[in-house]
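Novice: Can you look at this prediction? I've put the sequence above it.
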Amino acid sequence: MSEIIENLSHVMRGAALMFFILLSVTIYTHRKESNFKRILFWSMIFLCVLILKDMMFLDTDTWNNPYLCGISLMTDLLYVPVMALFFFEAVIPGWINAKRVALFFLPGAAAVVLYIVRPDILVIRYTILYMVIFGLTVVTVILLAMSRRDNRIKDYFSDTSDISVTWVWKALCTLFFSLIAWTVLMWKSSWLGDSLYFLISICCWTYIYRLAVKHKVVEIPAADTEERPEDGDDVNPAGQPAALTAGQTSPIQEKLEKCMGEDEIFLNHRLTLSDLAVSIGTNRTYLSDYLNRVMNTTFYEYINGARAQKAASLIREYPEKTFTEIADMSGFNSLSTFYRSFTKHIGIPPARFKEKMPG
């Protein structure tokens with residue numbers, strides 16, 4: 001029985017190696033699309049190296065050598081800065097450069113060298129402690145940066161499918177589960193534990209990779225340099241603050257109503273804040289301020305709210321059409337965004353809305 005379990009471990013190790021090689025080959029042709037895809041490629045290569053490194057434990061003498069096991073563990077801990085680089089580049093595009101890569105890796109690499117020269121268990125313990133603190137700090141910063149970037153995306157883009165970074169928290173949770181599994185199963189290393197870890201690793205990285213490979217890095221224009229309006233001021237289409245008297249309608253509001261109601265500019269699947277600003281004769285900063293402070297909404301919610309209302313109208317007018325057709329006709333570029341926005345702004349899911357329609 002023990003021989004069968006050992007052979008199973010070898011099979012799973014080989015399967016994991018081929019899995020990460022396949023991911024590396026798949027992403028290789030896309031690595032020049034963005035720095036994020038490049039880091040994803042090298043992350044897969046690093047995982048391949050870690051598995052190849054563990055091949056030395058196929059020799060029984062190596063398995064029972066505490067010194068070599070220590071070096072292997074210290075090398076595995078470099079997985080933490082590699083993943084930190086990967087997630088940082090996802091939420092702060094362009095932030096990672098050669099200097100920061102070196103700074104992320106230097107403490108871990110120095111600890112590996114120190115252990116090779118002075119194989120003391122304290123080196124391992126302090127390195128693990130450092131990696132735990134480093135990892136928790138990185139996760140906190142990444143989650144804050146993720147929220148900030150996603151808000152900026154929603155302030156500029158009406159369609160966030162494939163560019164939103166909310167997938168990062170899902171990937172972090174999956175990776176955390178993988179690391180917990182590694183810690184538990186490697187606490188008392190065994191052939192069965194190895195097999196289970198490789199299986200979990202393949203499953204987790206299948207999910208993370210699918211999330212990451214769909215992600216498109218976009219540039220978000222900086223705010224316009226014109227003076228921003230003061231609190232309590234309204235903004236006219238020319239971009240100048242204008243106080244309103246009782247009963248007056250804001251010029252920017254009139255322009256928005258015409259652009260959205262008559263021209264239905266929201267039907268443009270890829271509409272951006274700049275597109276709408278140009279259409280009403282103002283700039284991004286003033287339009288964003290008006291939406292956020294006066295209308296208390298984001299550009300993303302404002303546009304998709306209009307699309308949801310249009311979708312409801314189309315469902316009434318064309319009950320025979322599918323929701324995919326309705327979503328496309330009302331400006332949505334993603335069926336999932338259509339369902340989510342419709343439910344939020346209309347109050348019920350599209351299917352329920354259709355059921356409640358008379359006769």
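Specialist: The structure has been received and is ready for your questions.

Novice: Report the buried residues of stretch 13-22.
Specialist: 13, 16, 17, 19, 20, 21 (16 or more other Cβ atoms under 10 Å). Placement of C-beta: from N, CA and C, glycine included.

Novice: swap that for stretch 333-349, please
Specialist: 333, 337, 338, 339, 341, 342, 345, 346.

Novice: pLDDT on it, on average?
Specialist: Stretch 333-349 comes out with an average pLDDT of 93.

Novice: Put the alpha carbons of it into CSV.
Specialist: Output of stretch 333-349 as CSV, limited to C-alpha atoms (Å, rounded to 0.1, in the frame of the first residue of the first chain):
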residue,chain,number,x,y,z
ASN,A,333,-21.1,44.6,-23.0
SER,A,334,-21.4,41.9,-20.4
LEU,A,335,-24.3,39.7,-19.5
SER,A,336,-23.3,39.5,-15.9
THR,A,337,-23.1,43.3,-15.7
PHE,A,338,-26.6,43.4,-17.2
TYR,A,339,-28.1,41.1,-14.6
ARG,A,340,-26.3,42.9,-11.7
SER,A,341,-27.2,46.4,-12.9
PHE,A,342,-30.8,45.5,-13.8
THR,A,343,-31.4,44.0,-10.4
LYS,A,344,-29.9,46.9,-8.6
HIS,A,345,-31.6,49.7,-10.5
ILE,A,346,-35.0,48.1,-11.3
GLY,A,347,-35.3,46.3,-8.1
ILE,A,348,-35.8,42.7,-9.3
PRO,A,349,-33.9,40.4,-11.7
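
Novice: next one: it to chain centre, how far?
Specialist: Offset of stretch 333-349 from its chain centre (Cα atoms, centre = their mean, to the nearest Å): 21 Å.

Novice: Tell me the one among the buried residues of stretch 13-22 nearest to residue 36.
Specialist: Distance ranking of the buried residues of stretch 13-22 against residue 36, using Cβ to Cβ, places residue 20 first at 18.1 Å.

Novice: Tell me how far the closest one lies from residue 104.
Specialist: Going from residue 20 to residue 104 by Cβ to Cβ, to the nearest Å gives 21 Å.

Novice: rewinding a little: taking the buried residues of stretch 13-22, tell me the two that lie furthest apart.
Specialist: Using Cβ to Cβ, the two most remote members of those are 13 and 21, lying 12.7 Å apart.

Novice: Which other helices and strands does the longest helix seen in the chain contact?
Specialist: Looking across the chain with DSSP state H, the single longest helix is helix 121-156. Secondary-structure packing of helix 121-156 (3 or more Cβ pairs under 8 Å, 6 or more residues apart in numbering; DSSP states H and E): helix 66-76, helix 79-91, helix 98-117, helix 167-187, helix 273-280, helix 299-317.

Novice: now these as TSV including mean neighbour count, mean pLDDT and distance to residue 4?
Specialist: Shown next, in TSV, are the helices and strands packed on helix 121-156 (neighbours: other Cβ atoms under 10 Å; pLDDT from 0 to 100; distance: least, Cβ to Cβ, whole Å):
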stretch	mean neighbour count	mean pLDDT	distance to residue 4
helix 66-76	16	90	24
helix 79-91	21	95	30
helix 98-117	14	95	35
helix 167-187	16	88	18
helix 273-280	19	92	61
helix 299-317	20	94	55
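
Novice: Quick check: nearest residue in space to residue 193, chain neighbours excluded?
Specialist: residue 185 (3.9 Å; Cβ to Cβ, 6 or more residues apart in numbering).
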